[in-house]
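Asks: sequence plus predicted model, see below.
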Amino acid sequence: MKTAFQDLLSDSEKPEEYLIFSANIPENVFPRFRRFIKRLHFERVRKRIPSKILVSEKLRKTLGKDRRKEKLIKVKFVPIQLAGPAVINVYKEKTLIAIWSEEPSALLLESKMAADSFKNYFELLWETAKR
C-alpha cells in the first residue's frame, strides 16, 4: 500500500488535483487506515498537492473532521450507500483503487481514458454531495 501511494507523492513538479472517493472504511481496519492516511495527507500538503475528497456521511466526525483541518483540501459527504472499502484515488492519468481490509491491496491503473472517466464520475458525485 505504501508503494502504491508513494507514486502519488513522487512526481509533484506541477501538482494536479488529487481526487479521492468514496471512503467508508471497515471498523476493524479504521485505526490503521487513519494513521496511514494522516501521514499521506501530511506529505500531500507539504508537496502542495490540492485535493478533493468524498467521504461517507458515517465518517463525518472522524475522517471528515481530520481532513477539514488540513490545507489544500475540500471535503464533501455522500450517503453510505455510495461508499465502500474500495477507495478510488485519481491523479494525473492514473487511477489507484485501494481496498482497505485486513490484508489491504491496491491496483494502479495508468490510463488517461480511465482517469478521465473516473474524474467525470467524481465531479458528478461532487455536485450532489453535502458539505
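Replies: Structure received. Residues are numbered from 1 along each chain as shown.

Asks: which residue is nearest the centroid of this structure?
Replies: residue 20 (2.8 Å; CA atoms, centre = their mean).

Asks: OK, contacts around that residue?
Replies: Residue 20 makes contact with 51-54, 87-90 under the criterion CB atoms under 8 Å, 6 or more residues apart in numbering. In short, each C-beta sits where N, CA and C put it, glycine included.

Asks: toward the C-terminus, what is the element adjacent to the helix or strand where it lies?
Replies: In this assignment (DSSP states H and E), residue 20 forms part of strand 18-23. Later in the chain than strand 18-23, the nearest helix or strand by DSSP H and E is helix 30-46.

Asks: of the contacts of residue 20 - the most surrounded one?
Replies: residue 53 (27 neighbours; other CB atoms under 10 Å).

Asks: please, where are all the helices along this protein?
Replies: Under the criterion DSSP state H, the chain contains helices at 2-10, 30-46, 65-68, 112-128.
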